[in-house]
Structure formats: C-alpha cells, structure tokens
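Chemist: When you get a sec, could you give me coordinates for this:
(one chain, ligands or ions: 1)
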Amino acid sequence: MAQEDVFKKIVSHCKEYGFVFPSSEIYDGLAAVYDYGQNGVELKNNIKEYWWKSMVLLHENIVGIDSAIFMHPTIWKASGHVDAFNDPLIDNRDSKKRYRADVLIEDQIAKYDEKIEKEIAKARKRFGDSFDEAQFRATNGRVLEHQQKRDALHERYTEAMQGPDLAELKQIIEDEGIVDPISGTKNWTDVRQFNLMFSTEMGSVADGTNKIYLRPETAQGIFVNYLNVQKTGRMKIPFGIAQIGKAFRNEIVARQFIFRMREFEQMEMQFFVQPGTEIEYFKKWKELRMKWHQALGFGAENYRFHDHEKLAHYANAATDIEFKMPFGFKEVEGVHSRTNFDLSQHEKFSGRSIKYFDPQTKESYTPYVIETSIGVDRMFLSVMCHSYREEQLENGETRVVLLLPPALAPTKLAVLPLVKKDGLPEKAREIVNDLKFHFNTHYDEKDTIGKRYRRQDAIGTPYCVTVDYDTLKDNTVTLRFRDTMEQERVSIDQLRDIIEDKVSITSLLKKLQ
Ligand code: GAP
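Modeler: Okay, the predicted model is just below:
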C-alpha cells in the first residue's frame, strides 16, 4: 500500500476509534485545530507522563512549573518573536490559496530526491543482488543530473532563507517553474513576511494598547521564572526546569493532520549551565533524548538526528530528532544550545538582574541554556503511525491492530463476559472493580467475543480476559495477548502480577537508567 494511503487510513482510524476528532466538526471544523477523544486523551496523557517523569522523577536537578499562557507583551519583544517570528508567505492569484514559500521550495527539493530514489529502485529491480547502490549513485547519468540540480537548489534556498531574501525566494519559485497544486498556474504574488503569533486584547480596552499574545512556545514562561525557581528551590547550576503546556501559532500552511497545528502542546525543558560547558551538555541531552524515544521500541532505524548547519543567531548548536512518518523523516523534537540569549534579553528589557550567583566561585553570571523541545501532538502522531498495522490472518481475515507500547495504551485490560447472563457479567465486573485501582481496566459485553477482541485490538489494548462458565467454578479466566493473539488460562489472582509491571510507565522509565 502506498504510504499516502497508509496515512489516510491512520487519520480515519484516529477518528473512528475516538482518538482525534476535527475541532468544531458539526460546524464543518476549524482548520488545523483538533480535539482528542476518549482514547486519544488517555494516550496523550501517557506520553506526557512518560516525558514528565523522565525529567522530574529521574533527575534530582530538574523541577517542573506550569506558567500562564498569557504573559507580559514585552516578553515577546525581548525574545524576538514580535520582530522575527515570521514565515515567508506567497499567494496564488488564481486559486486564492496561500502557501509558505519555503515549503513550496522544500517540496521541490523533495521531488528531486524522489526522482533519484525512483531511479535507484528501478535499477535495484533490474540488477537484483548484484546491485551496488553507492556505485550507481556515483555513476548513473540521470541520478547525477537530478542530484546536481537538487544540491544547487538546496544551496540557493538555504542562502535565501538567511535574512531571509524574499525577492530571491520568489525568483527560485519562478525559476523552478513551481505551480500551485490547486490551480496549476504560476500566477504568484510577491513573497511577504507573516508573523505567526496570535494576539488578543486584555481587559476592556480594545484600542491596541492592551494587546497581548497567545504564547507561541512554552519556553519563555520558564526563562522569566528561572530565578524564582532557582531561589525558592535552592537550585544549583546545572539545573533544569520542565514544563508541559499549550502553544499557539497561526501557521500559514497547516498540513498532515496533527503534524502542524495552530493550537498544540509542547513539552519543553530548559537546562541552565555554566558558560563554556554548554556544548558538553548539549551532547549529553542529544543522547538522553534519543534514548527516551528509542526506549519505546520502534527501532533505531526510524530515528535520525538532523544537525543544523545554519544556526539561529542566538544558538551555538542545534539538532532535530526526526522520526520516519509515512510522509518521510520529520522533526518531532529539537535540542538547542541557546547560549544566554533569552536570559540576557529579559535582563535588558525588564531592567532587572537575573544573574546567577555561584556560591563556589563567588561569581555572578547569566547562565547558558540547553533546551529540549518536543511537540506532544507530533509525538502522538509518530506513536500512531508506527503502531497502526493491518495484518492478514490465517483464516483470510484482516485484523487492524494498534501495536502501542503497553505503557502508552489507553486501556490496559478489557474484561469480557462470554455471555450477558448466568452471573458472568457480575463476575467480570468484580474483576474490573478490583483491577481498576491499579491500571486502566474496561468492561465490555456488547457483540460476540470475536468482535470485542477486534475492537480492543483497534484501540491497542494489550490484554483481554474472557470470563466463562469455568470461571465461576475455578476462578480462572482466558487471558488473550494482543500482539500474538495467543490465549492462556490463568487464575484471576494472578492477573495483577502478570499485567501491572508491563503496562506501567515505570517499565519505560527503567529502560532509561
Ligand atoms: N522553544 C523552542 C521551540 O518552540 P520549535 O522547533 O519551534 O522550537 C519545538 O518547536 C517542537 O514543537 C517541534 O519539534 C514540534 O514537535 C512542535 N511544534 C512546533 N510547531 C508545531 C505545530 N504547528 N504543530 C504541532 N507541533 C509543533
């Protein structure tokens, strides 16, 4: 199945099984805004718990905060967001659609990559086992031609994005003959800058004097509280502050479902270090964050670092952790060495000293910061994309199953009475009432056992137990394992021991030690 079709199936699966709904759907939705349903919210909470505990539970020197979404507007002036948090946009006069100029060009670069991959796939088919990809890439005329065009475009584009040079971005779009995917025309406007922050007014005055912004990142709430936390928590450098919260960006092009949203959630941690030690900590956090991702068991080959060649003016190192989605390797998390830019700016704009006094060296300095920043929704999407499977069974049926890591699954155990009579429902409820205090346990009696198993597979429930007539006699149940569909007869008293450890967030956290 084409990856595009797989992605479409994942999107509709998310809706059909109560994971993600388009926001305001009965009013035809609101672009790039989504709601999480009954299963989605559980999965999302588990992702957040895994991240939160991996930060504040496993590190003595990391604490959490929960800062307000509304902040003093000068914060966004100081951080550079008012002046520079822009995307270059371009309109097509025929379709009246708006695009990000940089995305149009990146898509064009991806087209050259696709052409190269197609040539390679064709050759691999032709030559079979004797195919030498490296040699083919180095010698095949068509591949070399595509590669040369791709590299030249990439270089020109990277150069144009410094600044950025808006006229040059437009020129690239024209020179490459990029057409609007809807109208098919090249009738483009000039490229303009578009600020991504949402604004509103605070209080009763709507004349612009009380303009405030919805935060486009949670990080600034950490920066402006760093000294409060350091002093009240008697924190010594190096130390970190973690936060999970909503962020808002008026994205010009919102695509790929929950990958790029206008309202989303971030999990950010700022780690404050002594100047001069930041690169050492940057490397450490790169490694720790990759380990966090890989502990989910999705396979190391599905992740890669994308180290930034051109850095933002305030950063001295930056990398993205990318995950292989059905639409290619995409950024899920950023690890950035942000120097002392943010803290220095807040010192300058607030007029207050927020320097750290080092009790050992008796020196005061503005700490440097390593930031780890991951989107909850992108993480959710990567988990869904990796877990969704359509399996052909021996009896010819197809089973749709979410192979979620058990610790992230919304429901851990489903308890199913074989029939709705003869005391079986009561016995099943007894099991639920006992185990629900230890992990998320659901009762389900509607439809045949087969259909109920399929429903639980589709939401990723790792364990089901069936209560039957023998249960009433010998207190045993049939325990069914989602991944293998194997079944085993076990005593009800054993259930907690068998299941609890495997579905706990602790099981994931232990892999990080
Ligand atoms: N404080 C740094 C910061 O915000 P970023 O690279 O702009 O850095 C960090 O964002 C992460 O937030 C991204 O890696 C991504 O996971 C998530 N993110 C950013 N914009 C998003 C959007 N429009 N929709 C969903 N997630 C987004």
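
Chemist: mind exporting stretch 69-79 as PDB, just the C-alpha atoms?
Modeler: Listed next in PDB are the C-alpha coordinates belonging to stretch 69-79 (Å, rounded to 0.1, in the frame of the first residue of the first chain):
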ATOM      1  CA  ILE A  69      -0.400  31.200  28.700                       C
ATOM      2  CA  PHE A  70      -0.800  35.000  28.800                       C
ATOM      3  CA  MET A  71       2.400  36.800  29.500                       C
ATOM      4  CA  HIS A  72       3.500  40.400  29.500                       C
ATOM      5  CA  PRO A  73       3.700  41.500  25.900                       C
ATOM      6  CA  THR A  74       7.300  42.800  26.300                       C
ATOM      7  CA  ILE A  75       8.400  39.200  26.800                       C
ATOM      8  CA  TRP A  76       7.700  38.600  23.100                       C
ATOM      9  CA  LYS A  77       9.600  41.800  22.100                       C
ATOM     10  CA  ALA A  78      12.600  40.600  24.200                       C
ATOM     11  CA  SER A  79      12.500  37.100  22.900                       C
END
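
Chemist: Pull out the buried positions in that stretch.
Modeler: By 16 or more other Cβ atoms under 10 Å, the buried positions in stretch 69-79 come out as M71, I75, W76, A78, S79. C-beta here means a position set from N, CA and C on the backbone, and glycine is covered the same way.

Chemist: Return the closest of these with respect to G221.
Modeler: M71 (6.6 Å; Cβ to Cβ).

Chemist: For the closest one, give its distance to R137.
Modeler: Noted for M71: a distance of 50 Å to R137, by Cβ to Cβ, to the nearest Å.

Chemist: Likewise for R156?
Modeler: For R156, the distance to R137 - Cβ to Cβ - is 22 Å.

Chemist: Likewise for S337?
Modeler: Distance of S337 to R137, given as Cβ to Cβ: 33 Å.

Chemist: Which strand residues bridge the residue in the chain positioned nearest to the ligand?
Modeler: Nearest residue of the chain to the ligand, counting by Cβ to the nearest ligand atom: G375, 2.6 Å away. For G375, the beta-bridge partners under DSSP bridges are Q266.

Chemist: how about the helices in the stretch 101-250 of the chain?
Modeler: 101-127, 133-139, 141-161, 166-175, 219-223, 226-232 (DSSP state H, counting those that start in this stretch).

Chemist: neighbours around the spatially closest residue to Q392 that is not a sequence neighbour, how many?
Modeler: For Q392, ignoring the flanking residues on the chain, the nearest one in space by Cβ to Cβ, 6 or more residues apart in numbering is T398 at 6.1 Å. As a burial measure, T398 scores 8 neighbours (other Cβ atoms under 10 Å).

Chemist: Could I get the buried residue list for stretch 164-183?
Modeler: Applying 16+ other Cβ under 10 Å to stretch 164-183 flags P164, L166, E168, L169, K170, I172, I173, E176, I178, D180 as buried.

Chemist: ok, now stretch 503-513?
Modeler: For stretch 503-513, the neighbour count (16+ other Cβ under 10 Å) marks V503, S504, I505, L508, L509 as buried.

Chemist: how about the CA coordinates for that stretch, as CSV?
Modeler: Taking Å, rounded to 0.1, in the frame of the first residue of the first chain, the C-alpha atoms of stretch 503-513 are listed here in CSV:
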residue,chain,number,x,y,z
VAL,A,503,1.8,-1.6,31.4
SER,A,504,3.3,0.9,33.8
ILE,A,505,5.2,4.0,32.8
THR,A,506,7.9,2.7,35.2
SER,A,507,8.6,-0.1,32.8
LEU,A,508,9.6,2.5,30.2
LEU,A,509,11.5,4.7,32.7
LYS,A,510,13.6,1.8,33.9
LYS,A,511,15.0,1.5,30.3
LEU,A,512,16.4,5.0,30.7
GLN,A,513,18.6,4.2,33.6
